[in-house]
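**Student:** what follows is a protein structure lacking sequence information:
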């Protein structure tokens, strides 16, 4: 009975302390730093229709002309809209961006969105069911993958690409990929 008395008295305290430690660990983490099992692996194999022309089908080789960015976006995503102007600016500077339209139910809605806001993408992949995004390990939109000239995923950014994170981190990653491609 003495064993159980210890368990009854201190068991809840030990469980509470463990829970507090677990939650404190999460407070210091950066939600944009989600691990990706695919970093440093080749892009997954896929086939996707072009957003504009259903007669055109792309496969993973479209991501082998890097370095480039692959941006996962959707019309239903307010953060995608917020980052879109900045992506237009990157494209205007010559940075190639492949767009992966994620889980939009209407091809026309996605095309209208690009016609209204501008189209920064060199290629637009249509992924209405999210199957390609799933293979990349996408949690949600927007996400941006940095892909080198060999078609290898080198970095994954969760959230919007904006002036601050581009200047502080992402531009350096992209420039490193450009240097490695020379």
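**Tutor:** That came in fine, so what should we check first? Keep in mind that what you see is a predicted model, and the values were worked out from it rather than measured. Numbers count the residues shown, from 1 in each chain.

**Student:** out of the helices and strands in the protein, which is least certain?
**Tutor:** helix 2-27 (a mean of 55; mean pLDDT, DSSP states H and E).

**Student:** can you point out the buried residues in whichever helix or strand comes after it?
**Tutor:** The helix or strand immediately downstream of helix 2-27 is strand 47-50, counting by DSSP states H and E. Residues of strand 47-50 classed as buried: 48-50 (neighbour count, 16 or more other Cβ atoms under 10 Å). Where you see a C-beta, it was placed from the backbone N, CA and C, and this is true even at glycine.

**Student:** beta partners of the spatially most central residue of the chain?
**Tutor:** The residue lying closest to the centre of the chain (Cα atoms, centre = their mean) is residue 143, at 2.2 Å. Going by DSSP bridges, residue 143 is paired in beta bridges with residue 72, residue 158.

**Student:** give me every residue that touches the spatially closest residue to residue 61 that is not a sequence neighbour.
**Tutor:** Nearest non-adjacent residue to residue 61, counting by Cβ to Cβ, 6 or more residues apart in numbering: residue 151, 7.4 Å away. By Cβ atoms under 8 Å, 6 or more residues apart in numbering, the contact list for residue 151 reads 42-43, 60-61, 63-64, 66.

**Student:** could you rerun that using 7 Å?
**Tutor:** Counting by Cβ atoms under 7 Å, 6 or more residues apart in numbering, residue 151 touches 42-43, 60, 63-64, 66.

**Student:** over to residue 82?
**Tutor:** Per Cβ under 7 Å, 6+ apart, neighbours of residue 82: residue 160.

**Student:** A strand includes it, no?
**Tutor:** No: checked against DSSP: H, G, I helix; E, B strand; the rest coil, residue 82 lies outside a strand; its state is helix.

**Student:** and for residue 175, the neighbour number?
**Tutor:** 11 (other Cβ atoms under 10 Å).

**Student:** try residue 170
**Tutor:** 19.

**Student:** now do the SS call for it.
**Tutor:** Applying three-state DSSP: residue 170 is helix.

**Student:** that one contacts residue 159, correct?
**Tutor:** No: between residue 170 and residue 159 there is no contact under Cβ atoms under 7 Å: 10.8 Å.

**Student:** ok, residue 83 to residue 116 distance?
**Tutor:** Distance, residue 83 to residue 116, by Cβ to Cβ, to the nearest Å: 15 Å.

**Student:** more neighbours: the two, which one.
**Tutor:** Between residue 83 and residue 116, counted using other Cβ under 10 Å, residue 83 has the larger neighbour count: 23 against 9.

**Student:** and the more buried one, how far is that from residue 71?
**Tutor:** For residue 83 relative to residue 71 (Cβ to Cβ), the value is 8 Å.

**Student:** got it, and residue 93?
**Tutor:** Taking Cβ to Cβ, one finds residue 93 at 15 Å from residue 71.
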